[in-house]
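Undergrad: Just need the structure, nothing else, for what follows:
(one chain, ligands or ions: 1)
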Amino acid sequence: MSNRIYVAIDTPDLARAKAIATRVRTHVGGLKLGLEFFCAHGAPGYREMAALGLPIFLDLKLHDIPNTVAKAVQALSPLAPAILTVHGAGGRAMLEDAKAAAPTGTKVVAVTMLTSLDASDLGATGIAGSAHDQVLRLTDLACEAGIDGIVCSGEEVGAAHARWPKGCFVVPGVRPAGGSVGDQKRVVTPRAAIDAGASILVIGRPITQAEDPDAAARAIAGTL
Ligand SMILES: O=C(O)c1cc(=O)[nH]c(=O)n1[C@@H]1O[C@H](COP(=O)(O)O)[C@@H](O)[C@H]1O
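TA: Residues are numbered from 1 along each chain as shown. Presented below is the predicted three-dimensional model:
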């Protein structure tokens with residue numbers, strides 16, 4: 001089975017982004033470029049990273065009215081990312097239109113509940129109930145909208161996968177045992193996420209902030 005780790009290249013520094021990607025490339029299955037990188041470098045930076053030869057996960061977490069999201073996805077289409085994120089909370093029509101606008105080879109996945117949030121954060125936004133319930137609600141919505149999968153934490157991925165066996169399940173908020181969690185709140189180990197049904201692991205700081213990113217990526221891949 002191919003390597004399921006996408007390393008999150010969260011930096012505005014293009015030279016550093018390339019250096020990290022080049023160092024870890026043999027131990028990961030792809031690169032994730034998110035808001036920090038894309039706001040700094042846009043499509044030209046994306047293309048420089050894509051030239052390194054690994055699949056690219058473009059994580060822009062699009063969330064707006066259906067027409068705006070569909071036009072944004074269309075504008076990104078020449079980049080043909082392997083995976084593209086939108087927010088599930090954007091609603092069914094937004095998800096359907098995002099998928100319709102995406103190129104055939106691009107998986108569109110919906111963020112359910114950010115891994116940096118817990119139930120009390122959810123309550124503060126006016127949503128009662130547990131993280132588990134919220135993730136499953138948005139999993140059903142994503143499945144019904146006909147997109148390719150969801151993003152959730154390792155705590156919910158087992159239940160979400162059981163509900164949607166053919167979905168693609170992206171799990172960030174992953175930490176090797178004992179690793180610093182930083183701003184993440186719903187965290188599991190890489191092995192636990194895979195055992196529970198994750199299709200793809202997104203791992204950033206445990207690799208990119210390590211003294212030796214190459215060794216860190218190799219060590220994590222070795223646990224899978
Ligand atoms: O969509 C994502 O990738 C994402 C969703 C989510 O709920 N939580 C989350 O952390 N992410 C991303 O996953 C990466 C996690 O980075 P680390 O916490 O450094 O491993 C970041 O690039 C986040 O933007």
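Undergrad: going forward, measure contacts between C-alpha atoms and count neighbours the same way
TA: Will do.
Undergrad: Residue numbers of the protein in contact with the ligand?
TA: Residues of the chain lying near the ligand by C-alpha under 6 Å from any ligand atom: 8, 10, 34, 59, 111, 113-115, 152, 172-173, 202-205.
Undergrad: Counting only helices, which of the residues you listed make the cut?
TA: If you go by DSSP state H, the residues of the chain next to the ligand have R205 in helices.
Undergrad: Just the residues of the chain next to the ligand: which are in strands?
TA: Among these, the ones falling in strands (DSSP state E) are A8, G34, D59, V111, V202, I203.
Undergrad: Present these as a markdown table; the columns should include pLDDT and neighbour count.
TA: As requested, these are exported to a markdown table (pLDDT from 0 to 100; neighbours: other C-alpha atoms under 10 Å):
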| residue | pLDDT | neighbour count |
| --- | --- | --- |
| A8 | 98 | 26 |
| G34 | 98 | 20 |
| D59 | 98 | 21 |
| V111 | 98 | 27 |
| V202 | 98 | 20 |
| I203 | 98 | 25 |
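Undergrad: Relative to the ligand, which of these is nearest.
TA: Proximity of those to the ligand was ranked by C-alpha to the nearest ligand atom; the top entry is I203 with 4.0 Å.
Undergrad: Okay, and the beta partners of the closest one?
TA: I203 has these beta-bridge partners by DSSP bridges: V7.
Undergrad: In contact with it, which residues are there?
TA: Applying C-alpha atoms under 8 Å, 6 or more residues apart in numbering to I203 gives the contacts I5, Y6, V7, A8, P172, G173, V174, R175.
Undergrad: Buried among the residues you listed? Need that as a selection in ChimeraX.
TA: Filtering these down to the buried ones (16 or more other C-alpha atoms under 10 Å) takes a single ChimeraX command:
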select :5,6,7,8,172,173,174,175
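Undergrad: Dump the helix or strand encompassing A159 to PDB, keeping only the CA atoms.
TA: Per DSSP states H and E, A159 falls inside helix 157-163. Taking Å, rounded to 0.1, in the frame of the first residue of the first chain, the C-alpha atoms of helix 157-163 are listed here in PDB:
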ATOM      1  CA  VAL A 157     -12.800   8.400  11.800                       C
ATOM      2  CA  GLY A 158     -13.900   4.900  12.900                       C
ATOM      3  CA  ALA A 159     -17.600   5.800  13.200                       C
ATOM      4  CA  ALA A 160     -17.500   7.900  10.000                       C
ATOM      5  CA  HIS A 161     -15.900   5.200   8.000                       C
ATOM      6  CA  ALA A 162     -18.400   2.600   9.300                       C
ATOM      7  CA  ARG A 163     -21.200   5.000   8.000                       C
END
